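Participant: give me coordinates for this.
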Amino acid sequence: MNITTKISPNHNIGRQGHTPDFIVLHTTGAGFTSAINTIMNPANQVSYHYVISPTGEIVQAVDITNTAWHSGTRNDGSSMCNSHSNIAIVRQRRINANLYTIGIGFGDMPSGNPSPQQLTAAAALIRHIRTEVQRVYRFDIPLANIIGHVDITPRHRPDCPGVKFPYTELRQLITPAPILAPTVNIRYRGQTTKINATNVEGRFITTFGELAKVFANEPVQVRGALELAGKTVGWGGETNTILVE
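Facilitator: Numbering: from 1, shown residues only. From the prediction side, this is the model:
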């Protein structure tokens, strides 16, 4: 996956201490080049962290540690008010949703139906984003937190990214996780143990104490067993490591 960087002037440095835990999808309406030009113009006061072209080209315009201007909310009763959101967390937090979201714009997708190349690129990009958020913020963005702008402000952007957007297909493309490789590492409390990623038995993780009891003699799925133990599971792709907290 290749990502071209073109930094938009339309952003705020940092996130005021907030963790990006939602990925918000947008249709830019106009063509890809027009979308890039729009977010590069300070007068437009809009930006996305990433924009994807119909051919699958990816441009990063704002670093994920900074606040892009793509899903702003207020508490003023307007169409951009937090109180109207479809997402309970947005309503509860009552802060500008830009502070905890990562925005992806789909260039030249007025129908809300991305091209196959866009969808494939989006899946790869979101896997990359989730890895980076895990690395920087130690947070694993759930697939359920991949939403549309319409979910943030349904009265302000009822057609963004459009009713046809294939969320289920996108999540299925994202879901195949590298933890199903033949062997990976599990890192927990400073200790690392190499295991078979698909099936493990309790004896392989006895150094993990409380986690070991979750694994019976029968082979089980690694992620599911760890989550049953109440642990947060992330993925460190560069080191082929399951990160457990």
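Participant: dump the residue contacts of the closest residue to A124 other than its chain neighbours.
Facilitator: Here the nearest residue to A124 in space, its sequence neighbours aside, is M1; by CB to CB, 6 or more residues apart in numbering that works out to 4.5 Å. Using the backbone N, CA and C atoms, a C-beta is placed for each residue, glycine as well. If a contact means CB atoms under 8 Å, 6 or more residues apart in numbering, then M1 has 58, 121, 124-125, 128 as its contacts.
Participant: now for these: which two are most distant?
Facilitator: Taking CB to CB, the two most distant members of those are A121 and H128; they sit 10.3 Å apart.
Participant: where exactly do the strands run in this structure?
Facilitator: With DSSP state E applied, the chain shows strands at 3-5, 11-12, 22-27, 50-52, 58-60, 67-68, 101-106, 146-148, 183-188, 191-196, 233-236, 241-244, listed in chain order.
Participant: just send those back as TSV, with mean pLDDT and mean neighbour count too.
Facilitator: Shown next, in TSV, are the strands of the chain (pLDDT from 0 to 100; neighbours: other CB atoms under 10 Å):
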stretch	mean pLDDT	mean neighbour count
strand 3-5	96	11
strand 11-12	98	18
strand 22-27	96	25
strand 50-52	97	27
strand 58-60	97	19
strand 67-68	98	26
strand 101-106	97	28
strand 146-148	96	21
strand 183-188	66	18
strand 191-196	66	14
strand 233-236	68	19
strand 241-244	70	20
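Participant: so which of those is nearest N86?
Facilitator: Among the strands of the chain, if distance is taken as CB to CB, the winner is strand 146-148, at 8.1 Å.
Participant: list the contacts of the closest one.
Facilitator: 22-26, 87, 126, 160-161, 165, 167, 170-171, 174.
Participant: from what I can see R187 touches E245, true?
Facilitator: No. The pair formed by R187 and E245 falls short of the contact definition of CB atoms under 8 Å, at 9.7 Å.
Participant: now the helices for the chain?
Facilitator: Applying DSSP state H to the chain gives helices spanning 32-40, 88-93, 116-137, 149-152, 167-174, 222-228.
Participant: for the fourth one, packing partners?
Facilitator: Put plainly, it is helix 149-152. Using 3 or more CB pairs under 8 Å, 6 or more residues apart in numbering; DSSP states H and E as the contact criterion, the secondary-structure elements in contact with helix 149-152 are strand 22-27.
Participant: packing partners of the strand it packs on?
Facilitator: Partner elements for strand 22-27 (3+ CB pairs under 8 Å, 6+ apart): strand 101-106, helix 116-137, strand 146-148, helix 149-152.
Participant: can you tell me which of these is most buried?
Facilitator: Mean neighbour counts were compared across the helices and strands packed on strand 22-27 using mean count of other CB atoms under 10 Å; the top stretch is strand 101-106, at a mean of 28.
Participant: parallel or antiparallel, which strands does that one pair with?
Facilitator: If you go by DSSP bridges, strand 101-106 pairs up with strand 22-27 (parallel), strand 50-52 (parallel).
Participant: re the thing from before, nearest to N66, of the helices of the chain?
Facilitator: Among the helices of the chain, helix 116-137 comes nearest to N66, with 11.7 Å by CB to CB.
Participant: distance from the chain centre to the closest one, please.
Facilitator: Computed by CA atoms, centre = their mean, to the nearest Å, the chain-centroid distance of helix 116-137 equals 6 Å.
Participant: in the sheet, who's paired with the nearest residue to V51 once chain neighbours are set aside?
Facilitator: Spatially, and ignoring its direct neighbours in sequence, V51 is nearest to G105 (4.4 Å; CB to CB, 6+ apart). On the basis of DSSP bridges, G105 is bridged to H26, V51.
Participant: how is the protein divided into domains?
Facilitator: With automatic domain parsing as the criterion, the domains of the chain are listed as 3-174, 178-244.
Participant: comparing those domains by mean pLDDT, which bottoms out?
Facilitator: Confidence, taken as mean pLDDT, is least for domain 178-244 of the domains of the chain (a mean of 55).
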